[in-house]
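> Build the 3D model from these lines:
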Amino acid sequence: PIFETAASIEMDAVACETLRVRSAVRALRGSERAFERYRNFLSDDKQAWADFADDAEVQSAFRSSRAHVHQLELGPANRAEASTIIRRALDSAGASNGPWVLIGGPPCQAYSLVGRARRKNDAAFEDDVKHFLYREYLDIIAAHNPPLFVMENVKGLLSHTHRGESLFTKILE
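Residues are numbered from 1 along each chain as shown. Just a heads-up that it's a prediction; the model follows:
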């Protein structure tokens with residue numbers, strides 16, 4: 001692989017489990033037996049998940065994935081915990097002083113054209129914390145100084161306004 005994921009932070013429990021499965025599967029590259037069991041699981045074979053999950057090699061891959069996939073909601077109350085997770089991941093990956101990339105996916109419900117249209121008449125939308133998640137990425141950038149930051153391109157982010165102000169301008173400031 002070109003890169004290795006040192007840590008994933010996700011607030012949704014189901015999305016977290018998906019990240020763990022995908023991480024475990026990536027770790028199993030080269031194991032034809034494990035991949036065959038995974039393919040059977042994907043084909044909706046009822047016994048396939050048990051066959052896949054009970055495999056010792058797969059269990060080892062899952063232990064590794066659970067060590068770096070964390071269920072945590074980014075926000076002011078969890079900044080210290082998120083920072084600790086990132087620092088430990090960087091230290092264990094040997095990336096503290098080397099090249100690494102921070103990749104962020106802002107919640108598209110707040111920024112996207114469709115998300116805004118759906119909540120146009122929702123009075124609580126203006127106060128939704130999703131508008132301000134960019135601050136968490138800025139905090140991580142300030143604390144950990146990644147050489148590169150990639151943020152998912154959400155169509156509508158550049159035109160998004162919050163209380164009449166351009167959110168993109170706020171992010172740049």
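
> make it CA atoms for all contacts and neighbour counts henceforth
Will do.

> Tyr111 reaches His160, doesn't it?
Yes. Contact criterion CA atoms under 8 Å: Tyr111 and His160 qualify, at 6.0 Å.

> quick one, which of those two is more surrounded?
Tyr111 (22 against 19; other CA atoms under 10 Å).

> Which helix or strand lies directly C-terminal to the helix or strand of the chain with the lowest mean pLDDT?
One helix or strand of the chain scores below all others by mean pLDDT, DSSP states H and E: helix 108-111, with a mean of 72. Moving toward the C-terminus from helix 108-111, the next helix or strand (DSSP states H and E) is helix 113-118.

> got the buried residues for that following helix?
For helix 113-118, burial by neighbour count (16 or more other CA atoms under 10 Å) applies to Leu113, Arg116.

> quick check: mean pLDDT across that helix?
For helix 113-118, mean pLDDT is 74.

> mind checking how far that helix is from the chain centre?
Centroid separation for helix 113-118 versus its chain: 22 Å, with CA atoms, centre = their mean, to the nearest Å.

> name the helices or strands packed onto that helix?
Here helix 113-118 touches helix 108-111, going by 3 or more CA pairs under 8 Å, 6 or more residues apart in numbering; DSSP states H and E.

> mind listing the strands for the protein?
8-10, 69-71, 101-104, 148-151, 161-162, 165-166 (DSSP state E).

> distance of Ala110 from Phe125?
To Phe125, Ala110 is 8 Å away according to CA to CA, to the nearest Å.

> Much appreciated, bye for now.
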